[in-house]
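Novice: Kindly generate the corresponding structure for this input.
(4 chains)
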There are 2 protein chains.
Amino acid sequence: MGRIAASQNGSKKEAITSKAAALFIRKGFSSTSMRDIADAIGVEAPSLYNYIRSKNDLLEEVCFQVADRYLQHLKLVESSRAGHLGRIESIIRFHITMMIQEFDSSYLAEHEWIHLPAPLLADFKAQRKNYRQRVAAIVRKGIDRKEIRRIHPDVAVHTMLAAIQGIEGWHRSGRKLDPATLEDNMVQFLINGLKK
Amino acid sequence: MGRIAASQNGSKKEAITSKAAALFIRKGFSSTSMRDIADAIGVEAPSLYNYIRSKNDLLEEVCFQVADRYLQHLKLVESSRAGHLGRIESIIRFHITMMIQEFDSSYLAEHEWIHLPAPLLADFKAQRKNYRQRVAAIVRKGIDRKEIRRIHPDVAVHTMLAAIQGIEGWHRSGRKLDPATLEDNMVQFLINGLKK
DNA sequence: CCTACCGATCGGTAGG
DNA sequence: CCTACCGATCGGTAGG
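Specialist: Numbering: from 1, shown residues only, chains lettered A, B, ... in the order given. Model (predicted):
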């Protein structure tokens, strides 16, 4: 019983998390009630608590999972042998891909983490700051090595990441632009803005 | 009595709107209660209803006021004699200035309009779409006249406006970067990405 | 997984 | 501008 029950609980929890993520995006975290989530799943609200501990739990899970995936990719890039502009392009492409393929969780990790409860909020902010500083360090080195034009590294990082985050607005309004065109044009725009 | 009372009501309403805007930004629209707003002003919640009709009213006011300011500027740009890249630069600078100087309302008009009640939501979305299409038309003409590099106009518009919107994250985290440096570096980055 | 229900809090109204 | 209060809804618990 143990193993099967555990795996059933796992998939049920995933189903709840994914439905919740979709609702958090559409209506915002605070405007989404546990009743809304329960309705979407087809159960009564109290039944959700067999799988999750709290509403905040749902948000926490999504936010930290996504943050970790970005960090893993950054580590890969940092230890690669690519040039600095190439590293930045790899990061840009990864962010775009995540935003398109893992839209729901990426959006939440980017826009709804403000609602994380007190101790986790500080953790998340620190992780975020650390990530951006490491990307900015790559830009700085690229400038030193004359691969990237002179620009304030923090402004550069902010500009490119914000542009990519904003894909959510695109996605939400149901634009019918194929992902490859979106990615190629955006990468071209941003890399060209950085190139010497 | 009429005139004075009217002007007092006006300024009081402005005070409420501005406090509300600040709270909507910090906590989100749904997480901000009328009690929160009343506390910030120093009155009891029911007293607010002498000046505003509803919570949605506060949001509506801010969103449409800001949208109108952007539209007015766009009209100026459209009827100017500047080149197309110059027009885009003017739009970029206006957006950045608004984001820095009118941060609270700009943020709300950009991120919290989803909470507008039913009939207004559609209006707002239509206005937004129209605005972006007109900016994209400028990009398209710039490409035709070889002032701007070949790029998907919608992607270009989205990328630059999203990058600017994202200044809020910057602002919120209390980065100490002077506005001029931010503006100059971001404009350089974006215009360079578009230039031939 | 349900019914029944809790205390808290919500936006807003009545009446002064 | 207040007190007093409304009906609705919230996240979550008890108990089965």
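Novice: C-alpha from now on. contacts and neighbour counts both.
Specialist: Noted.
Novice: Kindly report the domain assignment for chain A.
Specialist: A:12-48, A:55-192 (automatic domain parsing).
Novice: what's the closest of the ones you listed to DNA strand C?
Specialist: The closest of the domains of chain A to DNA strand C is domain A:12-48. By Cα to the nearest atom of the strand, the value is 3.7 Å.
Novice: Buried residues, that closest one. List them.
Specialist: Under the neighbour-count criterion of 16 or more other Cα atoms under 10 Å in any protein chain shown, domain A:12-48 has A:12-13, A:16-25, A:28-34, A:36-38, A:41, A:48 buried.
Novice: next one: stretch A:78-91
Specialist: Using 16+ other Cα under 10 Å as the test for burial, stretch A:78-91 gives A:84-85, A:87-91.
Novice: How about that stretch and chain B, any contact?
Specialist: No: shown here: stretch A:78-91 not in contact with chain B (Cα under 8 Å from any Cα of the partner chain), separated by at least 13.9 Å.
Novice: and that stretch, average pLDDT?
Specialist: The average pLDDT for stretch A:78-91 rounds to 97.
Novice: Between its first and last residues, how far does it reach?
Specialist: Distance between the boundary residues of stretch A:78-91 (Cα to Cα, to the nearest Å) amounts to 10 Å.
Novice: same check, this time on stretch A:170-188
Specialist: Chord length of stretch A:170-188, first to last residue, is 18 Å (Cα to Cα).
Novice: Identify all contacting residues around that stretch.
Specialist: Defining contact as Cα atoms under 8 Å, 6 or more residues apart in numbering or on different chains, one finds that stretch A:170-188 is touched by A:89, A:92-93, A:96-97, A:100, B:151-152, B:155-156, B:158-159, B:193.
Novice: Quick check: the farthest pair among these?
Specialist: Comparing all pairs in the contacts of stretch A:170-188 by Cα to Cα, the longest separation belongs to A:I100 and B:G193, at 22.2 Å.
Novice: ok so, going back, okay if I get the buried residues of stretch A:78-91 as a markdown table plus secondary structure?
Specialist: As requested, the buried residues of stretch A:78-91 are exported to a markdown table (DSSP: H, G, I helix; E, B strand; the rest coil):
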| residue | secondary structure |
| --- | --- |
| A:H84 | helix |
| A:L85 | helix |
| A:R87 | helix |
| A:I88 | helix |
| A:E89 | helix |
| A:S90 | helix |
| A:I91 | helix |
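Novice: picking up where we left off before, can you pick out the ones from the contacts of stretch A:170-188 that are in helices?
Specialist: Counting by DSSP state H, the contacts of stretch A:170-188 place A:89, A:92-93, A:96-97, A:100, B:155-156, B:158-159, B:193 in helices.
Novice: that older thread, could you identify the least confident member of the contacts of stretch A:170-188?
Specialist: A:I100 (89).
Novice: Quick one: residues contacting that residue.
Specialist: Applying Cα under 8 Å, 6+ apart, the residues contacting A:I100 are A:167, A:179.
Novice: Find the nearest non-adjacent residue to A:H95, please.
Specialist: Distances taken as Cα to Cα, 6 or more residues apart in numbering or on different chains put A:I164 closest to A:H95, at 6.8 Å, once the chain neighbours are dropped.
Novice: Flag every residue of chain A that's near DNA strand D.
Specialist: Remark: the part of chain A in contact with DNA strand D comprises A:30, A:32-36, A:45-46, A:49, A:53-56, using Cα under 7 Å from any atom of the strand.
Novice: which bits of chain A sit near chain B?
Specialist: So chain A meets chain B at A:27, A:30-31, A:114-115, A:151-152, A:155-156, A:158-167, A:170, A:182, A:185-186, A:188-194 (Cα under 8 Å from any Cα).
Novice: Only whichever of the residues you listed are buried, select them in PyMOL.
Specialist: The buried subset of those, as determined by 16+ other Cα under 10 Å, is captured in PyMOL by this line:
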select buried, chain A and resi 30+31+114+115+151+152+155+156+158+159+160+161+162+163+164+165+166+167+170+182+185+186+188+189+190+191+192+193+194
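Novice: Just put the ones in helices among the contacts of stretch A:170-188 in TSV and tack on distance to B:A109.
Specialist: Shown next, in TSV, are the ones in helices among the contacts of stretch A:170-188 (distance: Cα to Cα, whole Å):
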residue	distance to B:A109
A:E89	31
A:I92	27
A:R93	29
A:I96	25
A:T97	27
A:I100	24
B:V155	21
B:A156	21
B:H158	16
B:T159	18
B:G193	27
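Novice: any idea where the helices of chain A begin and end?
Specialist: Under DSSP H, chain A gives helices at A:2-27, A:34-41, A:55-78, A:84-101, A:103-111, A:118-144, A:153-165, A:167-172, A:179-194.
Novice: Check these for me: which has the lowest mean pLDDT.
Specialist: Among the helices of chain A, helix A:2-27 scores lowest, with a mean of 75.
Novice: So for chain A, which residue is the most central one in space?
Specialist: In chain A, the residue lying closest to the centroid (Cα atoms, centre = their mean) is A:S106, at 2.8 Å.
Novice: need the contact list for A:F189.
Specialist: B:151, B:156, B:190, B:193-194.
Novice: Pretty sure the residue nearest to A:H95 sits against B:M160.
Specialist: No: at 10.1 Å, A:I164 does not count as touching B:M160 under the criterion of Cα atoms under 8 Å.
Novice: The closest residue to A:A22 other than its chain neighbours: neighbour count?
Specialist: For A:A22, ignoring the flanking residues on the chain, the nearest one in space by Cα to Cα, 6+ apart is A:D104 at 6.0 Å. By other Cα atoms under 10 Å in any protein chain shown, the residues close to A:D104 number 22.
Novice: Okay, A:D104 and B:L58: tell me how far apart.
Specialist: Following Cα to Cα, the distance that separates A:D104 from B:L58 is 29 Å.
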